[in-house]
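> sequence and predicted structure, then a few things I'm wondering about:
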Amino acid sequence: MLIGEVASRAGVSRDTVRLYTRLGLVPCQSRRAGSRLYADYDDSAVELIEGIKIAQSIGFTLSELGPIAAAYIAGSLDDSRQRELLAAKLDQIEDKRRQLAQMSEFLRAKLEDLGPARSRA
């Protein structure tokens, strides 16, 4: 399948498919047609891209996804490893949530110390 079809079926741009390919997240084979060289993707590319989009939406970065995608492609991403990865990401998100709550409390207290806003005339 050519890049345009992969992009269309996965709901992403061709540049996104190229980026994922360059990062090693989505494998492809080179195919020559006349004097041109094309990237040829199999049907699993669409599934991989959809998985990458979901993983990014829950906080995984593309650099974090590199080894995960490699394990998935190799067929070695078992339930135990998935559970481990998800638990680690949940811990990171919970830490970030606590940090944001502390920052929010600080800002509320600071605003309260400053008193009500006054209009400038």
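Perfect, I can see it now.
> mean confidence (pLDDT) on stretch 3-17, please.
Mean per-residue pLDDT for stretch 3-17: 97.
> ok, residues contacting it?
With CB atoms under 8 Å, 6 or more residues apart in numbering as the test, stretch 3-17 has contacts from 1, 18, 26, 38, 39, 41, 45, 46, 49, 50, 53. All C-beta atoms are positioned from the backbone trio N, CA, C, and that covers glycine.
> start to end distance for that stretch?
Stretch 3-17 has an end-to-end distance of 7 Å (CA to CA, to the nearest Å).
> and what of stretch 21-28?
Its first and final residues considered, stretch 21-28 spans 7 Å by CA to CA.
> what do you get for stretch 29-37?
Stretch 29-37 has an end-to-end distance of 10 Å (criterion: CA to CA).
> okay, buried residues for it please.
Across stretch 29-37, burial judged by 16 or more other CB atoms under 10 Å covers no residue at all.
> what of stretch 82-91?
residue 85.
> which pair of the contacts of stretch 3-17 spans the longest distance?
Pairwise distances across the contacts of stretch 3-17 peak at 24.0 Å for 38 and 53 (criterion: CB to CB).
> tell me the buried residues within the contacts of stretch 3-17.
26, 39, 41, 45, 46, 49.
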